[in-house]
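Engineer: predicted model, plus sequence, below.
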Amino acid sequence: MNEELLSFLENSPTCFHAIANIRAILEGNGYHELNEAARWTLEEGGKYYTTRNGSSLIAFQIPTKQYEGFMIGASHCDSPAFKVKENPELVSGGYTRLNVEGYGGMLCAPWFDRPLSLAGRIVARNGDTMETRLVNFDRDLLMIPSLAIHMDRTANKGHEYNVQKELCPILGEESEKGILLKMLAEETGVPEEDILGQDLFLYARVKGSVWGRNGEFLSAGHLDDLQCTYGNLKGFLASSASKSVPVLAVFDNEEVGSMTKQGAFSTFLQDVLERISIACGRSEEERRAFPASSFMVSADNAHAIHPNYTEKADPVNRPLMNKGIVIKYSANQKYTTDAVSAAIFKQICTKANVPYQIFTNRSDMVGGSTLGNLSNVHVSLNTVDIGLAQLAMHSPYETAGTKDTQYLADAMKVFFSSSIQAKGSSYTLQ
Ligand code: ZN
């Protein structure tokens, strides 16, 4: 599992690449692509997926057209990074640097002094058509060197990073403006004048690694949230038919608040669920009843307790890597978990023979948020927020436990193979 995960991470330097890789895995497992713009015809036993913007994806199976609800496993595929701006070259003083801005809230320090590369997508003109193509330079191309200690004796005493001044990476010696467009043309085989758009992100080239005295830990880029995405995907593929429709949802833009056409706060999930119901001939009343017999697992990585900063964790609920799936709670509902959704998820973990643990923020710390509560605005159903314990969240090189991805895959296999019957205030998991 860990070698597979590391190879998935290495091949997924951006959300566009992650979705392309998930598509390929789904296709290899008998899933058929549905075009959002076309009419959908769904068969019993059919396996399908659709994408939006090439950066969000929803896959599902139709066990029977008389299904009782939806069992949804959601995660996100974007990560904090630096995005290349338009007219990107900063040419001066003997160097060419790239003009970048932050996407999401990253730790800045770990981006220094390591080989970086560039990946994303371009839009290429082909006659009257504009085609999206993935691009990945996939070589050591850029660097953001630190300022020497001799020039800043306070460097180890805390530092506020200025992205515009300090984090624009060096591409090479001084050269002409437009050099990146030339490089893109060479890399993709598309003439410069036909490259009409680009979404390009920096990524760290450090290879993923399994480490620790007994290989307990694993470090790589984008563990948040591709580790959960991969665990959900493995569970989804291993699941067996139940009375409900298993739905795998992978969303872009969680790191910038999910409020985009393809984010968890968009109508993407709602649109897909509605279209499944319409294509299966379900009545308006049945469609309104589905949320009561449906459930969502919102999976996004959680903070493990850091041995050097134990005071940052709640005094009692202190997750550790390799100790199982983390159920996340927040009284103000930044995390959706409540007594009912926690109980249902604990029961799933018990059935899967997977350990679970609890995360809450310290009561004097705000903490993070995720996609569950935002998705609930459009698709309102019982939801639990969970994650896998990790360190260094939002660094370009994060650390997690080597047992936990398998735990998630095992629990999600049971989840996607289950259905929930709701009667008043009681819920039965089958
Ligand atoms: Zn996340």
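Structural biologist: Right, received. Where do you want to start? Residues are numbered from 1 along each chain as shown.
Engineer: which residues in the stretch 51-200 of the chain form helices?
Structural biologist: 163-166, 179-188 (DSSP state H, counting those that start in this stretch).
Engineer: who does whichever residue of the stretch 1-150 of the chain sits closest to the ion form a beta bridge with?
Structural biologist: When scored by C-beta to the ion, the stretch 1-150 of the chain has residue 76 as its residue closest to the ion, at 5.7 Å. Placement of C-beta: from N, CA and C, glycine included. Beta-bridge partners of residue 76, counted by DSSP bridges, are residue 251.
Engineer: same check on the one 5 residues further on?
Structural biologist: Legend: beta-bridge partners of residue 81 under DSSP bridges are residue 103.
Engineer: who's sitting farthest from the centroid in the chain?
Structural biologist: Centroid-distance maximum for the chain: residue 150 at 39.9 Å, with C-alpha atoms, centre = their mean.
Engineer: packing partners of the helix-or-strand element of the chain with minimal mean pLDDT?
Structural biologist: One helix or strand of the chain scores below all others by mean pLDDT, DSSP states H and E: helix 372-378, with a mean of 87. Judged by 3 or more C-beta pairs under 8 Å, 6 or more residues apart in numbering; DSSP states H and E, helix 372-378 is in contact with helix 268-279, strand 295-299, strand 382-387.
Engineer: winner for burial among those?
Structural biologist: Compared across these, strand 295-299 shows the largest average neighbour count, a mean of 29 (mean count of other C-beta atoms under 10 Å).
Engineer: for it, which strands pair with it and how are they oriented?
Structural biologist: strand 70-76 (parallel), strand 382-387 (parallel).
Engineer: take the shortest one, keep the C-alpha atoms, and write them as PDB.
Structural biologist: Pointing back at strand 382-387 there. Presented in PDB, the C-alpha positions along strand 382-387 are these (Å, rounded to 0.1, in the frame of the first residue of the first chain):
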ATOM      1  CA  ASN A 382     -25.500  13.100   8.200                       C
ATOM      2  CA  THR A 383     -21.800  13.700   7.800                       C
ATOM      3  CA  VAL A 384     -18.700  12.800   9.800                       C
ATOM      4  CA  ASP A 385     -15.400  14.500   9.500                       C
ATOM      5  CA  ILE A 386     -12.400  12.200   9.700                       C
ATOM      6  CA  GLY A 387      -8.800  12.200   8.700                       C
END
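Engineer: any part of it near the ion?
Structural biologist: No. On the criterion C-beta under 5 Å from the ion, strand 382-387 is out of touch with the ion, staying 7.6 Å away.
Engineer: next one: that strand to chain centre, how far?
Structural biologist: From the chain centre to the centre of strand 382-387 is a distance of 15 Å (C-alpha atoms, centre = their mean, to the nearest Å).
Engineer: got a list of contacts for it?
Structural biologist: Residues from elsewhere that reach strand 382-387 (C-beta atoms under 8 Å, 6 or more residues apart in numbering): 225, 228, 294-302, 325-330, 335-337, 340-342, 344-345, 356, 359, 370, 372-373, 375-376, 420, 427.
Engineer: ok, and of those, which contact the ion?
Structural biologist: Okay, of the contacts of strand 382-387 touching the ion (C-beta under 5 Å from the ion), that's 225, 300.
Engineer: and stretch 297-306, what's its mean pLDDT?
Structural biologist: The average pLDDT for stretch 297-306 rounds to 97.
Engineer: could we number from 19 for the rest of this?
Structural biologist: OK, 19 is where the count begins now, so the last one is stretch 315-324.
Engineer: start to end distance for it?
Structural biologist: Using C-alpha to C-alpha, to the nearest Å, one end of stretch 315-324 lies 26 Å from the other.
Engineer: per-residue confidence for residue 76?
Structural biologist: For residue 76, pLDDT reads 98.
Engineer: the ion contacts on the stretch 169-318 of the chain?
Structural biologist: So the stretch 169-318 of the chain meets the ion at 242, 243, 318 (C-beta under 5 Å from the ion).
Engineer: picking up where we left off before, are any of the contacts of strand 400-405 buried, and if so which?
Structural biologist: Among those, those buried by neighbour count (16 or more other C-beta atoms under 10 Å) are 243, 246, 312-320, 343-348, 353-355, 358-360, 362-363, 374, 377, 388, 390-391, 393-394, 438, 445.
Engineer: can you give me the domain assignment for the protein?
Structural biologist: 20-97+239-447, 99-222 (automatic domain parsing).
Engineer: any idea which of those domains is most buried?
Structural biologist: For the domains of the chain, where neighbours mean mean count of other C-beta under 10 Å, the stretch averaging the most is domain 20-97+239-447, with a mean of 20.
Engineer: beta-bridge partners for the nearest residue to residue 186 once chain neighbours are set aside, please?
Structural biologist: Excluding its sequence neighbours, the residue lying closest to residue 186 (C-beta to C-beta, 6 or more residues apart in numbering) is residue 115, at 4.4 Å. With DSSP bridges applied, residue 115 shows beta-bridge pairing to residue 108, residue 188.
Engineer: which residues touch residue 115?
Structural biologist: Contact partners of residue 115, counting by C-beta under 8 Å, 6+ apart, are 107, 108, 109, 186, 187, 188, 189.
Engineer: could you do residue 73 as well?
Structural biologist: 33, 34, 37, 95, 96, 270, 271, 280.
Engineer: okay, it: pLDDT?
Structural biologist: Note for residue 73: predicted pLDDT of 96.
Engineer: ok, now residue 83?
Structural biologist: At residue 83, pLDDT is 95.
Engineer: before we move on, the earlier item: looking at the helices of the stretch 69-218 of the chain, which is closest to residue 43?
Structural biologist: Residue 43 sits nearest to helix 197-206 of all those, at 24.2 Å, using C-beta to C-beta.
Engineer: residue 298 against residue 78, yeah?
Structural biologist: No. Applying C-beta atoms under 8 Å, one finds residue 298 not in contact with residue 78, separated by 11.0 Å.
Engineer: how far away is residue 44 from residue 66?
Structural biologist: Going from residue 44 to residue 66 by C-beta to C-beta, to the nearest Å gives 9 Å.
Engineer: where does the stretch 169-318 of the chain have low pLDDT?
Structural biologist: Within the stretch 169-318 of the chain, no stretch has pLDDT under 70.
Engineer: that one: strands as residue ranges?
Structural biologist: Taking DSSP state E, counting those that start in this stretch as the test, the strands found in the stretch 169-318 of the chain are 188-191, 213-222, 227-229, 235-238, 263-269, 313-317.
Engineer: for residue 135, find the nearest of the ones you listed.
Structural biologist: strand 213-222 (5.9 Å).
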